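Asker: Quick one: sequence plus predicted model below, questions after.
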Amino acid sequence: MVRIVLKGLKETKEFGEKLGGLLEGGDLLSLTGDLGAGKTTLTKSIGVGLGVSDYITSPTFTLINEYKGRVWLYHFDVYRLEDEEDLLDLGYEDYFYSNGVTIVEWGDKIEEILPANRININIEKGKELDERIITLSGQGDRYDKIVKELNIN
């Protein structure tokens, strides 16, 4: 587990862009944190790092948005779901096990169906207005490689 303190929006954006630049097709990120913690803001920055030029919005009511970058970005927001069964109609497995990068906001709500090999990112508000505390955890070779390349051991 790795803990990072980001002091303001600029550092948060830089972190997201750097992370996005390291991601590859098949990577899945599960984002957790309170409402307003910055999950969508981080996702927007990751999208920039992935080369997405479209404006990234939260798919709270549509459940999933797709964006073309150097690899596809599949952005889920499962906040309003009752349970995992609501994702069956979407064909979630086609996204989770695709050649794109999948980001799931509120991933803790559907943890039972998420792939074991993933990157978990918890975002908390810090003491200052725009300060964020990021906790990275996960398992698998991709998690280990990304943490190493982020230089945050």
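Answerer: Sure, I can see it. Numbering: from 1, shown residues only.
Asker: What residue, apart from its backbone neighbours, is nearest Thr57 spatially?
Answerer: The shortest distance from Thr57 to any non-neighbouring residue, by CB to CB, 6 or more residues apart in numbering, is to Asn65 (6.7 Å). Every residue, glycine included, has its C-beta placed from N, CA and C.
Asker: Touching the host helix or strand of that neighbour from outside, list them.
Answerer: For Asn65, the host element (DSSP states H and E) is strand 64-67. Residues external to strand 64-67 that are found in contact with it (CB atoms under 8 Å, 6 or more residues apart in numbering): 47, 50, 52, 54, 56-57, 59, 72-77, 90, 95.
Asker: repeat for stretch 32-47
Answerer: Around stretch 32-47, the neighbours that count as contacts under CB under 8 Å, 6+ apart are 9, 12-17, 19-20, 23, 29, 31, 56-58, 67, 69, 73, 75, 77, 101, 103, 105-108, 120-125, 132.
Asker: Quick check: end-to-end length of it?
Answerer: This stretch, stretch 32-47, spans 17 Å end to end (CA to CA, to the nearest Å).
Asker: buried set for that stretch?
Answerer: Judged by neighbour count using 16 or more other CB atoms under 10 Å, the buried positions of stretch 32-47 are 32-33, 37-47.
Asker: hang on, the earlier thing: Tyr143: which of the contacts of strand 64-67 is nearest?
Answerer: Distances from Tyr143 to the contacts of strand 64-67, taken as CB to CB, are shortest for Leu50 (17.6 Å).
Asker: Quick check, that closest one in contact with Gly20.
Answerer: Yes. With contact defined as CB atoms under 8 Å, Leu50 reaches Gly20; the gap is 4.5 Å.
Asker: any idea which element Tyr55 lies in?
Answerer: Using DSSP H and E, no helix or strand contains Tyr55.
Asker: related to what we said a few turns ago, quick check, nearest of the contacts of strand 64-67 to Val5?
Answerer: Gly47 (22.9 Å).
Asker: Contacts only, for Ser30.
Answerer: So Ser30 contacts Val104, Gly107, Asp108, Glu111, Leu114, Arg118, Ile119, Asn120, Ile121 (CB under 8 Å, 6+ apart).
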